[in-house]
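A.B. asks: only geometry, no sequence info:
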């Protein structure tokens, strides 16, 4: 197989290499393209590779036009448009694959190269992770290698030599790339895009059906990273507040509708005390306006380089942005673990937290009546706290079990949990608990968010993943207001904290490292997450604010467009002039072939030969062969010099590959020192 590949004509070999690079560049898009388009591109590349391998003629123009019409029609039918990100990327990939079917001349290759560059950039529409950047960096090297190779029309240059040249070009262009990255005016976080639907996801929702978060428990992707100032909190103290669910129709929990604001309590009913926690959050895109904070944050999130807009807090202590979060967002917050929220006495608005649909969960309602009857037997006026404690005690000792696979629930989910299954995930437990509390006459609601996390000692921050999504409850108690009660902790204390993380098993590498040494797997994951965190902080989240801070360190007080453009132009011109001067100074000294040619020309001129300023090796060989003035050279020495000059010409303009050429050049340099030159 390898021998057959080496023996292929150069055009076929270069075509196969280019097809391999195209396959690599388009591979990150496979998960975001329709299945038919993936099969299309794969089929086109395999077909073109087979034609190159067999040296078969390319398809006629009629077939190419027919395939073009089919590809455009299929894209329009799939998306109902040819505009937008998804349709545009699909069409671009199809056009790239079709262009390979008319890959004949260097002009066609150049079109394929630049289409490949565009496709490579589109992968960042879907992912800006470090792994994606490294993969595209390798793709860039492959495309540049093909581009350099296409500008070597003679001989059979080795791909390794073209790759070295491409790598050198990338290294030399890196300073200019860094300059553009740092100084080009920032409009929003890098790769900021319109609100594309369907690409990002969050583990939380403004509604909750029993069983919906079960699937999320197996999602190990990062939801946010949090860095605390000073002392680190305990994992069981990390409750990041998300949507609060109040309205229950018997099957689904939803947020309280703000249709009648006069029924709600004033937002100002929040009092904080004691020491605070200061922290910085790096929130991944969720396509939702939710700003995750610890309870309670009265002052709200503050921008830490990312445009935050005007956050607002709902009457249920949830902070919201004024727009969906479509990019990585960084903000600072200050929370007080000790706080009091809500009215201290019964008011009109609390009945919203007591409503239950008629006919729903009848056995749970009967359980509540029985509990109230038993409590009145012990006290004339049972306290709400006593009823809460009795319910938690029942969860601890009643044989209830925490599981990630509770199975499907029927219509009366609370009845099934309390009396039949006695097992469930956090949403089953929280929902059943709140239903029972309301049946007992205690106002209650469900709070969703994230609980716990993994501390990364390498980067000194917490990683909160989608698998840390959680649901707990809050009950209203007279004289205390709203109080957090996590019934999952009564069923499974290990879920709250670090003893039982809901993490999806790692890949093959993590399994191998875990089997050999579990510490290696943990450390490797911590190191890699630290690298990703810094990538997000300093590259993806290099915003206008960070750019201003950087420029201020160099004495530039403002980062307005005019100043930035002038600074960018001046820096680019100076860098280009410096590079040009260095190239002009180094070029004659850098090419050993030119240096060897100049040495031969100099020695022959000293012997009396009249040579043109740019005489070639063949011209010098002809003059040397027919010139009789060099009497100090024997016929053997003259013939050796002529052969050496002709070999020098063949070394540069012959059809040998780069490896043979470099070997011949070293041999010619060695022979030049041994030859007898005329004096």
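C.D. replies: In hand now; what should we look at? The model shown is predicted, which means the values in this text are computed figures rather than measured ones.
A.B. asks: which ones are touching the most centrally placed residue in the chain?
C.D. replies: Centroid check for the chain by CA atoms, centre = their mean gives residue 129 as the closest residue, at 2.4 Å. For residue 129, the residues meeting the contact criterion (CB atoms under 8 Å, 6 or more residues apart in numbering) are 532, 535. Any C-beta I mention is one placed from the backbone N, CA and C, and that applies to glycine too.
A.B. asks: would you tell me which helix is longest in the protein?
C.D. replies: The longest helix of the chain (DSSP state H) is helix 561-590.
A.B. asks: for it, which helices and strands make contact with it?
C.D. replies: If contacts are counted by 3 or more CB pairs under 8 Å, 6 or more residues apart in numbering; DSSP states H and E, helix 561-590 sits against helix 159-183, helix 544-553, helix 592-606.
A.B. asks: give me the neighbour count for residue 56.
C.D. replies: Residues lying near residue 56 (other CB atoms under 10 Å) number 10.
A.B. asks: mind listing the helices for the stretch 51-200 of the chain?
C.D. replies: Using DSSP state H, counting those that start in this stretch, the helices assigned to the stretch 51-200 of the chain run over residues 61-79, 85-99, 106-122, 130-150, 159-183.
A.B. asks: just name the most buried of those helices.
C.D. replies: Compared across those, helix 85-99 shows the largest average neighbour count, a mean of 21 (mean count of other CB atoms under 10 Å).
A.B. asks: touching, residue 222 and residue 462? I think so.
C.D. replies: No. If you go by CB atoms under 8 Å, residue 222 and residue 462 don't touch, sitting 10.8 Å apart.
A.B. asks: those two - which one has more neighbours?
C.D. replies: Comparing residue 222 with residue 462 by other CB under 10 Å, the one with more neighbours is residue 462, at 22 against 19.
A.B. asks: who does the helix or strand harbouring the more buried one touch, helix- and strand-wise?
C.D. replies: With secondary structure defined by DSSP states H and E, residue 462 is part of strand 461-465. Packing contacts for strand 461-465, counted by 3+ CB pairs under 8 Å, 6+ apart, involve strand 222-228, strand 454-456.
A.B. asks: and the angle from the first one to strand 461-465?
C.D. replies: Our comparison of strand 222-228 with strand 461-465, counting by axes from the mean of the first three to the mean of the last three CA atoms, to 10 degrees, yields an angle of 160 degrees.
A.B. asks: contact partners of strand 222-228?
C.D. replies: 202-203, 240, 277-284, 286, 292, 450, 453, 459-466, 468-469, 529, 532-533, 536.
A.B. asks: next step: those residues restricted to strands.
C.D. replies: Of the contacts of strand 222-228, the ones assigned to strands by DSSP state E are 240, 277-283, 450, 461-465, 469.
A.B. asks: which parts of the stretch 201-350 of the chain are strands?
C.D. replies: Remark: strands assigned in the stretch 201-350 of the chain by DSSP state E, counting those that start in this stretch are 207-209, 222-228, 239-245, 247-248, 252-254, 270-273, 277-283, 290-291, 293-294, 302-303, 312-313, 319-320, 329-335, 338-341.
A.B. asks: turn those strands into CSV, columns for mean pLDDT and distance to residue 110.
C.D. replies: Listed next are those as CSV, based on pLDDT from 0 to 100; distance: least, CB to CB, whole Å:
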stretch, mean pLDDT, distance to residue 110
strand 207-209, 81, 53
strand 222-228, 91, 40
strand 239-245, 93, 51
strand 247-248, 90, 61
strand 252-254, 89, 56
strand 270-273, 90, 64
strand 277-283, 93, 41
strand 290-291, 92, 47
strand 293-294, 94, 52
strand 302-303, 86, 45
strand 312-313, 90, 53
strand 319-320, 92, 50
strand 329-335, 91, 40
strand 338-341, 92, 64
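A.B. asks: ok, which of those comes nearest residue 409?
C.D. replies: Ranking the strands of the stretch 201-350 of the chain by proximity to residue 409 (CB to CB) places strand 207-209 first, at 9.2 Å.
A.B. asks: next, the closest residue to residue 647 other than its chain neighbours: secondary structure please.
C.D. replies: Closest residue to residue 647 apart from its sequence neighbours, by CB to CB, 6 or more residues apart in numbering: residue 668 at 6.2 Å. Here residue 668 is recorded as helix under DSSP: H, G, I helix; E, B strand; the rest coil.
A.B. asks: ok, residue 668 - contacts?
C.D. replies: Counting by CB under 8 Å, 6+ apart, residue 668 touches 596, 644, 647, 648, 651.
A.B. asks: any low-confidence regions in the stretch 451-600 of the chain?
C.D. replies: Scanning the stretch 451-600 of the chain with the threshold set as pLDDT under 70 gives 494-523, 525, 537, 541, 543-546, 549, 552-564, 586-590.
A.B. asks: cutoff 50 now
C.D. replies: For the stretch 451-600 of the chain, residues meeting the criterion pLDDT under 50 lie at 498-509, 513.
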